[in-house]
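Colleague: predicted structure and sequence below. I'll ask about it afterward.
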Amino acid sequence: MAHGSVDTQFVLFPPGPADAEALGLAHVTSWRETYRGLLPDAYLARMSEAAHTRRFARALLHPRPDDVTLAAADRWGIVGYAQGGPSRRGRTGEAEVATLYLVRAAQNRGVGARLLTETARTLAARGATSLVVSVLRDNVAARGFYEHLGGVAEPTRLEPGPGGGLLHEVAYGWADIRTLVG
């Protein structure tokens, strides 16, 4: 597949509560594949698909009014997802893609770019004028992905890590969300 082309073997859709188990599996799988060496192995090993399934079920049964969730699936099931909403920083007009994860088999096929742009398009339709997404400083592949899509890096900051301790994160921003959604 040529770089930059879109793989039509994947569909994007707004998942419902019945998709919670598949989303939980995709979440845990993508973290174990992506964050080995970036997060503690012990944390990755004890991640619970059941706990993430419950979290997705709650979020999809009772979404906050400004939240957006999109799933990506191939013929075998869900391979990734993105979630966004108002920015945690609370800046007027700024939306945030809080999570965007794909299992390794679905990476480098245009699916992540579609998830990001369609999530941004939905957030823009709800009034967002800018967008931010955060990534681990040492996640070189993800940083390249956001830079390729026009994201501008902000200075590195320290954030609490999921397994304890502090992690270095970089926020990527699009001052005008329209540059991302076309």
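Modeller: On my side now, so go ahead.
Colleague: which one is the residue at minimal distance from the centre of the chain nearest to, not counting chain neighbours?
Modeller: For the chain, the residue lying nearest the average C-alpha position, counting by C-alpha atoms, centre = their mean, turns out to be L100 (1.1 Å). Leaving aside its sequence neighbours, L100 sits nearest to A82 (C-beta to C-beta, 6 or more residues apart in numbering; 4.3 Å). Every C-beta, even on glycine, is put in place using the N, C-alpha and C of the backbone.
Colleague: tell me the contacts of the one you found?
Modeller: Taking C-beta atoms under 8 Å, 6 or more residues apart in numbering as the criterion, A82 is in contact with 68-70, 97, 99-101, 115-116, 118-119.
Colleague: is the residue nearest to the centre of the chain in contact with V133, as I believe?
Modeller: Yes - in this structure, L100 is within contact of V133 by C-beta atoms under 8 Å, at 6.9 Å.
Colleague: identify the contacts common to the two.
Modeller: With C-beta under 8 Å, 6+ apart, L100 and V133 have common neighbours L116.
Colleague: strands along this protein, start to end?
Modeller: 11-13, 68-74, 77-86, 94-102, 130-136, 152-153, 157-160, 166-174 (DSSP state E).
Colleague: export those as JSON lines, with columns for distance to A51.
Modeller: Formatted as JSON lines, those follow (distance: least, C-beta to C-beta, whole Å):
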{"stretch": "strand 11-13", "distance to A51": "24"}
{"stretch": "strand 68-74", "distance to A51": "18"}
{"stretch": "strand 77-86", "distance to A51": "16"}
{"stretch": "strand 94-102", "distance to A51": "15"}
{"stretch": "strand 130-136", "distance to A51": "21"}
{"stretch": "strand 152-153", "distance to A51": "32"}
{"stretch": "strand 157-160", "distance to A51": "18"}
{"stretch": "strand 166-174", "distance to A51": "20"}
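Colleague: between those, which gets nearest to G24?
Modeller: strand 77-86 (9.6 Å; C-beta to C-beta).
Colleague: mind saving the C-alpha coords of the closest one as PDB?
Modeller: Output in PDB follows, covering the C-alpha atoms of strand 77-86 (Å, rounded to 0.1, in the frame of the first residue of the first chain):
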ATOM      1  CA  GLY A  77     -13.700  -6.500  14.300                       C
ATOM      2  CA  ILE A  78     -12.600  -3.300  16.000                       C
ATOM      3  CA  VAL A  79      -8.900  -2.400  15.500                       C
ATOM      4  CA  GLY A  80      -8.800   1.000  17.100                       C
ATOM      5  CA  TYR A  81     -10.600   4.100  18.200                       C
ATOM      6  CA  ALA A  82     -10.400   7.800  18.900                       C
ATOM      7  CA  GLN A  83     -12.100   9.800  21.700                       C
ATOM      8  CA  GLY A  84     -12.300  13.600  21.900                       C
ATOM      9  CA  GLY A  85     -14.100  16.500  23.500                       C
ATOM     10  CA  PRO A  86     -13.400  19.800  25.000                       C
END
